[in-house]
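Colleague: Generate coordinates for the sequence data below:
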Amino acid sequence: MDGIEIPESVKQFAATTKVHAAFLACFVWHLLCDFAKYVKLHVVAFYQAHLKKCEFVYRGIRVTTDRPSVRPSFETICLAPKFLNWLDAFPLDKFDLRSINLTDVDWFGSSSNPEKLGFLKFKCDVYTKLGEPLDGIVFLRGDCGAVLIVVTDEFGKEYVLLTEQPRVPTGGYKEEIVAGMFDTRSGKTVINHVLKEEIKQETGLELDENSATSLGEFTLSGGGSDEKVHLALWRTQLESEKIAEMKMIQFGETDSNEKIRLKFYSTETFEQELPRIADAKTSLAWLLFKNV
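Modeller: Model prediction:
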């Protein structure tokens, strides 16, 4: 038996079989690795959506969520300055706010960045100090700034500068004074900084941060939203040729899909346009301007 020689074809078959077996083993290994990754991703997703404990206590107020869409970013929401500012400002001496259930959230960027919290909806379990229950659904979006821009040309004629842009929630285009949401901070310096950025993006004009005059701050829809508008007035001068040029340009921040056109209305006839424009902050700013 020791002298029997194994045919070359058998040796080649054995070698080929070993190679195929090695390739098969590698293929099966990769399949197992991919399957393990798949299982891990789905286990993590299931944990985030259904099992992870979501509870946060701030100023004695218990914050939770029962929504799968909110659970993955729950910790980030609880660190978001916009949400914490609302909790800090809530008057616990006037109301008994026992708990908050977060029901929906939108981000203006990464949901892992607390600074990028966009819109937050939640329901409060809240009562008067006498124990009477209150409606407590809140749409949290933070404050905004808006500025009435009054332009004077070289002939002394005055105009009100408005923007016209698509406003999907209203189902059409809206004319309004320049406006923009605040970031997570507050204070006069921030207000003027936000207005400067919005004016630059929406009109191309440069605002001196110290030249805007405050017209006050006002609640827009207190029945459901925390938002207040901080109104300001800015007077500036432009050549009539520049005004004509600005009417022909599309403005707006590209990353925000803004498509803005500018409108200039004579201050002599602007008040007649207000019922058609039907924008609360624009009408209020004009009323305040007329009484300055």
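Colleague: Could I get the pLDDT score of the closest residue to Glu268 other than its chain neighbours?
Modeller: Leaving aside its sequence neighbours, Glu268 sits nearest to Glu158 (CB to CB, 6 or more residues apart in numbering; 7.9 Å). C-betas here are computed from N, CA, C, even on glycine. pLDDT, Glu158: 97.
Colleague: repeat for Phe83
Modeller: Value for Phe83, per-residue pLDDT: 96.
Colleague: Can you spell out which helices and strands pack onto the helix or strand where it lies?
Modeller: Per DSSP states H and E, Phe83 falls inside helix 81-89. Helix 81-89 is packed against strand 117-128, strand 137-140, with contacts defined by 3 or more CB pairs under 8 Å, 6 or more residues apart in numbering; DSSP states H and E.
Colleague: any chance of these in a markdown table, with mean pLDDT too?
Modeller: Shown next, in a markdown table, are the helices and strands packed on helix 81-89 (pLDDT from 0 to 100):
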| stretch | mean pLDDT |
| --- | --- |
| strand 117-128 | 97 |
| strand 137-140 | 97 |
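Colleague: Run the chain-centre distance for the helix ranked longest in the chain.
Modeller: Ranked by residue count, the top helix of the chain under DSSP state H comes out as helix 8-46. Here helix 8-46 is found 47 Å from its chain centre; the criterion is CA atoms, centre = their mean, to the nearest Å.
Colleague: Could I get the average pLDDT for that helix?
Modeller: Computed over helix 8-46, the average pLDDT equals 75.
Colleague: Give the burial count for Lys200, as a bare number.
Modeller: Residues near Lys200, counting by other CB atoms under 10 Å, number 15.
Colleague: The residue nearest in space to the middle of the chain and Val105, how far apart?
Modeller: Taking CA atoms, centre = their mean as the criterion, Gly118 is the residue nearest the geometric centre of the chain, at 2.8 Å. For Gly118, the distance to Val105 equals 8 Å [CB to CB, to the nearest Å].
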